[in-house]
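J.: structure for the following, please:
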Amino acid sequence: MKLFFTIVLACTCIAGGSCLQCFTCSAVSDPCTLDITTCLSTITNCQTVSSQTITFLDESDFETISRIDQRCEVPSEDFSLRTGRVFISQNIHLCSSDRCNDQTEAEPANNTRNGLQCFGCFNSSTESCLANQQRVDCVGRQNRCVDGKGRQRLLPIGSNMVLKGCATTNLCELGVDLRAFSLLLSEVSCCEGALCNGDRGSTTTADPGRQRQDMIVIIIVLIVIAAFSIISLLVLVWRWGKRAVDPPAQRWAVGQLRYHDSAGSDMEPELA
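T.: Model (predicted):
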């Protein structure tokens, strides 16, 4: 059957001109071995798909899985999701010449912060998600804050999943198939603006790194206030001490001088 398909494809390419040739390969966390394939006459691009999944069991225990797929172009698109405990991304690169997709390792994901922050969590229920949510810095093209529900096989929390985090716009429309990433979203809603996906009155867990930075700033401010207070107190003590140690004789002499000035003005002879 495969031989028959190859013969038909070759005849089609001969009849209609030349068909594009692309490399094919697939590998997880390792370089892939390239093979050559001839694409259908309707395909004009070779495609490289680089994807990455990072899962955090805690702050120090995490796993990174990178995958590369080389092929003739099929419908696909870039996307990215970050919840604090889970990060997934997919990047598509196209080229249009024969065997142009010769990359053997996945491209690294875009982890450049873009200034947007959203609340993030990834738990088995709404209650546990709200109780453990934290602020998440969005990266790359993530331009929406997201709330979602569905099923998962990424973390040992059971199959049901509730999430909050940062996402690219296309994830907000349930238009991206995430089953290859062990995720299946059944509900999703997105909003624009910093921290717009937070529930009022809910308990939030601050990001540890940001919490340490805030604590350092508070300590510095307290030190500056304390130093200013100590300096002001020392200046007051110095002024009070200077007045207290003036010699009595000096004060008496000043008084006598004022007395003589007063007496001398009374005894001054009148002019004729």
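J.: ok, and the closest non-adjacent residue to D69?
T.: Nearest-residue entry for D69: V49, 4.2 Å, with adjacent residues in sequence omitted and distances by Cβ to Cβ, 6 or more residues apart in numbering. C-beta coordinates here come from the backbone N, C-alpha and C atoms, glycine included.
J.: ditto for S29
T.: Nearest non-adjacent residue to S29, counting by Cβ to Cβ, 6+ apart: S66, 5.4 Å away.
J.: S51 is in contact with the one you found, correct?
T.: Yes. Look at S66 against S51 with Cβ atoms under 8 Å: they come within range, at 7.2 Å.
J.: joint contacts of these two?
T.: Shared contacts of S66 and S51 (Cβ atoms under 8 Å, 6 or more residues apart in numbering): A106.
J.: what about stretch 136-152, how long is it end to end?
T.: Stretch 136-152 has an end-to-end distance of 20 Å (criterion: Cα to Cα, to the nearest Å).
J.: swap that for stretch 107-115, sorry
T.: 23 Å.
J.: cool, stretch 187-198 as well?
T.: Counting by Cα to Cα, you get 17 Å between the two ends of stretch 187-198.
J.: swap in stretch 31-50?
T.: Start-to-end span of stretch 31-50 (Cα to Cα) is 12 Å.
J.: so Q142 versus G165, what's the distance?
T.: Distance, Q142 to G165, by Cβ to Cβ, to the nearest Å: 8 Å.
J.: touching both of the two, which residues are there?
T.: Joint contacts of Q142 and G165 (Cβ under 8 Å, 6+ apart) are L81, R82.
J.: the helices in the stretch 51-200 of the chain, which residues?
T.: Assigned by DSSP state H, counting those that start in this stretch, the stretch 51-200 of the chain shows helices spanning 126-131.
J.: strands along that one, start to end?
T.: 62-72, 79-82, 86-95, 113-123, 134-139, 144-152, 160-167, 183-191 (DSSP state E, counting those that start in this stretch).
J.: give me the number of residues near the residue nearest to D69?
T.: Here the number of neighbours of V49 (other Cβ atoms under 10 Å) works out to 21.
J.: if it is in a bridge, with which residues?
T.: Per DSSP bridges, the residues bridged to V49 are D69, I92.
J.: I'd say it and L94 touch.
T.: No. The pair V49 / L94 is not scored as a contact, 10.2 Å apart, by Cβ under 8 Å.
J.: now the end-to-end length of stretch 127-143.
T.: In stretch 127-143, first residue to last residue: 26 Å (Cα to Cα).
J.: what's the distance between T38 and G140?
T.: Plainly put, T38 is 34 Å away from G140 if you go by Cβ to Cβ.
J.: quick one: contacts for G148?
T.: Neighbour list for G148: V162, L163, K164, L185, E187, V188, S189 [criterion: Cβ under 8 Å, 6+ apart].
J.: neighbours of the residue nearest to S29, just the number please.
T.: The tally of other residues near S66 (other Cβ under 10 Å) stands at 18.
J.: domain-wise, how is this protein divided?
T.: Here the domain assignment for the chain is 20-205, 207-245, based on automatic domain parsing.
J.: ok so, going back, could I get the strands of the stretch 51-200 of the chain as a markdown table with distance to E107?
T.: Formatted as a markdown table, the strands of the stretch 51-200 of the chain follow (distance: least, Cβ to Cβ, whole Å):
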| stretch | distance to E107 |
| --- | --- |
| strand 62-72 | 8 |
| strand 79-82 | 13 |
| strand 86-95 | 6 |
| strand 113-123 | 18 |
| strand 134-139 | 15 |
| strand 144-152 | 23 |
| strand 160-167 | 20 |
| strand 183-191 | 21 |
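J.: let me have those in JSON lines, extended by mean pLDDT and distance to E173.
T.: Shown next, in JSON lines, are the strands of the stretch 51-200 of the chain (pLDDT from 0 to 100; distance: least, Cβ to Cβ, whole Å):
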{"stretch": "strand 62-72", "mean pLDDT": "96", "distance to E173": "23"}
{"stretch": "strand 79-82", "mean pLDDT": "97", "distance to E173": "11"}
{"stretch": "strand 86-95", "mean pLDDT": "97", "distance to E173": "16"}
{"stretch": "strand 113-123", "mean pLDDT": "97", "distance to E173": "17"}
{"stretch": "strand 134-139", "mean pLDDT": "98", "distance to E173": "18"}
{"stretch": "strand 144-152", "mean pLDDT": "97", "distance to E173": "10"}
{"stretch": "strand 160-167", "mean pLDDT": "97", "distance to E173": "10"}
{"stretch": "strand 183-191", "mean pLDDT": "96", "distance to E173": "8"}
